[in-house]
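Colleague: here are the coordinates; sequence isn't available:
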């Protein structure tokens, strides 16, 4: 049951989670650009990039855990019981898309759908759960992307709350903008934790961009800004089509945002 | 899967320690040693088959791609070979690129193996025991454990949906059907999940998910003092080593 005190606590934890993720991202950017001097830390390591991996992953995960802690007891039980299946749908779609070699992901369709139906908290929690469990069971590389997944669910929920999912002309730019944010958040993880090697399609793009003289972070950021906005626009469209094709009787017991 | 020989809490702490070390700025020889230590633990747990499958299908391809990217496009100074397929794209095989690529590939393999240590020797049931023993919120434990089990249930739903469609004579060959089939199947699965959800919600309400107080577990795994000492020593050592790498 939610009380004013628990809502206040949740708001503080949500803000702390978002601030942790944002601070981590800014720190990683400044460090990678050489604005923060970590030269002494790099002796004996392969590159300056090596010092970023751990604080980046820890900061993103801490932010995601704070968001989980803020909302776990607030969301309705009907939404809580849907999240595992939504996460399973994301994992299945993501695995299939990843095996095709195309530079897209399509691993957040159910995150966006639940964000549309239940709002930002459920959307964010679906994203985080997908990244964590996908990482623990099939593909460990998804774990550090939990913060980006949370942002996708959060923005999908906010889009629904502010009526941006009613018309296609408003929905598609929202998906595109979500993709830009998700791409920016995910780029340092792709660069410093995985060296740009998430898949054949995206990896080839990163290698080509780096071969033109871009730094690894610039290459993964550009790759993300090419892949993610397109991916999230398609994802938002698919989620929208799917929700419109679900019979109203199946939705009537739920609590649309 | 072989019965785990250690308490699930121990496996989780070993996995978390390994994950922390794998992302720390260790040199390539130390990361190789870490991979060897983690592989030994996997062999000890008796879960080498699922780990080998995970490594071959998920970790090794990503590690190989990361290595190849860095080996051929890292801006190094000791150039072994170069290729310009199109100006200004120049791929160069450098010593520094190979070094950095190896370090990244090892980072991916050690991080993935550490994550495998958390889930493979424990499984959802043992993991639930450990999370409950650590007084994790029951809703969070439910969320994590049910998500691990959900793909099996989803597969069941997908089979029902496909058999129903086949019985109605719906599947048709052709490109149009192949493109639309995943979309239709996803919509059907979501409908099935939403339709069954009120029942699922009632069930977990009856199981008193939101009730406060301690949980009683049937057949809890045995914990021992040496294991408690081992896991906290391991975690402390991992954290100290990590801090040392930054000093």
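Modeller: Looks like it arrived, so ask away. The structure displayed is predicted, hence computed values, not measured ones.

Colleague: Find the least confident helix or strand in chain B, judged by mean pLDDT.
Modeller: Every helix and strand of chain B was ranked by mean pLDDT, DSSP states H and E. The lowest is helix B:175-206, at a mean of 80.

Colleague: in what helix or strand does the closest residue to chain B within the stretch 101-250 of chain A lie?
Modeller: Here the residue of the stretch 101-250 of chain A nearest chain B is residue A:197; by CB to the nearest CB that distance is 3.1 Å. In short, each C-beta sits where N, CA and C put it, glycine included. Taking DSSP states H and E as the definition, residue A:197 sits outside all helices and strands.

Colleague: ok, it touching residue B:65?
Modeller: Yes - counting by CB atoms under 8 Å, residue A:197 does reach residue B:65; the two are 3.5 Å apart.

Colleague: who touches both of these two?
Modeller: Here residue A:197 and residue B:65 share the contacting residues residue A:203, scored by CB atoms under 8 Å, 6 or more residues apart in numbering or on different chains.

Colleague: Looking at the two, which is more packed in?
Modeller: More crowded of residue A:197 and residue B:65, by other CB atoms under 10 Å in any protein chain shown: residue A:197, with 28 against 25.

Colleague: what pLDDT does that one get?
Modeller: On pLDDT, residue A:197 comes in at 73.

Colleague: Chain B: strands as residue ranges?
Modeller: Applying DSSP state E to chain B gives strands spanning B:79-86, B:89-94.

Colleague: what sits against the residue located most distally from the centre of chain B?
Modeller: What lies farthest from the middle of chain B is residue B:87; by CA atoms, centre = their mean that is 40.1 Å. With CB under 8 Å, 6+ apart as the criterion, no residue contacts residue B:87.

Colleague: Backbone dihedrals for it, please?
Modeller: Dihedral angles of residue B:87 (phi, psi; degrees, to the nearest 10) stand at phi -70, psi 130.

Colleague: if we can go back for a sec, and the least confident helix or strand of chain B, what's buried?
Modeller: B:186-194, B:197, B:200-201, B:204 (16 or more other CB atoms under 10 Å in any protein chain shown).

Colleague: picking that back up, to residue A:22, which of the strands of chain B lies closest?
Modeller: The minimum distance between residue A:22 and the strands of chain B falls on strand B:89-94, with 34.3 Å, by CB to CB.

Colleague: Return the distance of that closest one from the chain's centre.
Modeller: The chain centre lies 33 Å from the centre of strand B:89-94; the measure is CA atoms, centre = their mean, to the nearest Å.

Colleague: and residue B:185, what is it in contact with?
Modeller: For residue B:185, the contacting residues are B:158, B:161-162, by CB under 8 Å, 6+ apart.

Colleague: ok, residue 144 - how many residues close by?
Modeller: All of this is about chain A. Residue A:144 has 27 nearby residues by other CB under 10 Å.

Colleague: The intended chain is chain B.
Modeller: Around residue B:144 there are 21 residues (other CB under 10 Å).

Colleague: separation between it and residue A:103?
Modeller: Using CB to CB, to the nearest Å, we find residue B:144 at a distance of 30 Å from residue A:103.

Colleague: and the gap between the residue nearest the centre of chain A and residue A:9?
Modeller: Closest residue to the average C-alpha location of chain A: residue A:149 at 1.9 Å, with CA atoms, centre = their mean. Distance check for residue A:149 against residue A:9: by CB to CB, it reads 23 Å.

Colleague: Can you tell me how far residue B:94 is from chain A?
Modeller: According to CB to the nearest CB, to the nearest Å, residue B:94 stands 12 Å off from chain A.

Colleague: who in the stretch 151-257 of chain A is up against chain B?
Modeller: The stretch 151-257 of chain A comes close to chain B at residues A:193-200, A:203, A:206-208, A:210-213, A:216, A:238, A:241-243, A:245-247, A:250-251, A:253-254, as judged by CB under 8 Å from any CB of the partner chain.

Colleague: Pull out the buried members of those.
Modeller: Neighbour counting over these (16+ other CB under 10 Å) leaves A:193-200, A:203, A:206-208, A:210-211, A:216, A:238, A:242-243, A:246, A:250-251, A:254 as the buried ones.

Colleague: Narrow these to those in helices?
Modeller: A:200, A:203, A:206-208, A:210-211, A:216, A:238, A:242-243, A:250-251 (DSSP state H).

Colleague: show me where the stretch 1-150 of chain A has strands.
Modeller: Along the stretch 1-150 of chain A, counting by DSSP state E, counting those that start in this stretch, no stretch forms strands.

Colleague: Any regions of it where pLDDT drops low?
Modeller: A:1, A:34-49, A:101 (pLDDT under 70).

Colleague: can you rerun that using 90?
Modeller: Along the stretch 1-150 of chain A, the model assigns pLDDT under 90 to residues A:1-7, A:29-52, A:73, A:78, A:92-106, A:137-141.

Colleague: Now residue A:245: closest residue in space, sequence neighbours ignored.
Modeller: Leaving out its chain neighbours, the residue that sits closest to residue A:245 by CB to CB, 6 or more residues apart in numbering or on different chains is residue B:187, at 4.5 Å.

Colleague: Just list the residues touching that neighbour, thanks.
Modeller: Residue B:187 sits next to A:241-242, A:245-246 when contact means CB under 8 Å, 6+ apart.

Colleague: Pull the contacting residues for the residue nearest to residue A:32 when sequence neighbours are not counted.
Modeller: Among residues not flanking residue A:32 along the chain, residue A:217 sits closest, at 4.8 Å (CB to CB, 6+ apart). Shown here is residue A:217, whose contacts under the criterion CB under 8 Å, 6+ apart are A:29, A:32, A:187-188, A:191-192.

Colleague: try residue B:7
Modeller: B:130, B:221-224, B:227.

Colleague: distance of it from residue B:231?
Modeller: In this view, residue B:7 and residue B:231 are 8 Å apart by CB to CB.

Colleague: Helices of chain B, start to end?
Modeller: All helices of chain B, identified by DSSP H, fall at B:8-23, B:28-45, B:48-54, B:60-73, B:95-119, B:123-133, B:138-167, B:175-206, B:225-246.

Colleague: do chain A as well
Modeller: So, for chain A - with DSSP H - the helices run A:4-32, A:50-71, A:77-80, A:83-100, A:109-118, A:120-137, A:146-161, A:168-192, A:200-211, A:216-245, A:248-251.

Colleague: returning to what we had before: which of the ones in helices among the buried ones among the residues of the stretch 151-257 of chain A next to chain B sits closest to residue A:182?
Modeller: Each of these was checked against residue A:182 using CB to CB; the closest is residue A:238, at 15.7 Å.

Colleague: Tell me how far the residue lying closest to that closest one once chain neighbours are set aside lies from residue B:60.
Modeller: Distances taken as CB to CB, 6+ apart place residue A:109 nearest to residue A:238, at 5.3 Å, with adjacent residues excluded. To residue B:60, residue A:109 is 28 Å away according to CB to CB.

Colleague: quick one, which of the two is more surrounded?
Modeller: Shown here are residue A:109 and residue B:60; by other CB under 10 Å, residue A:109 has more neighbours (25 against 16).

Colleague: any idea how far the closest residue to residue B:26 other than its chain neighbours lies from residue A:195?
Modeller: When the adjacent residues along the chain are set aside, residue B:26 lies closest to residue B:245, with 6.0 Å between them (CB to CB, 6+ apart). Between residue B:245 and residue A:195 the distance is 19 Å, computed by CB to CB.
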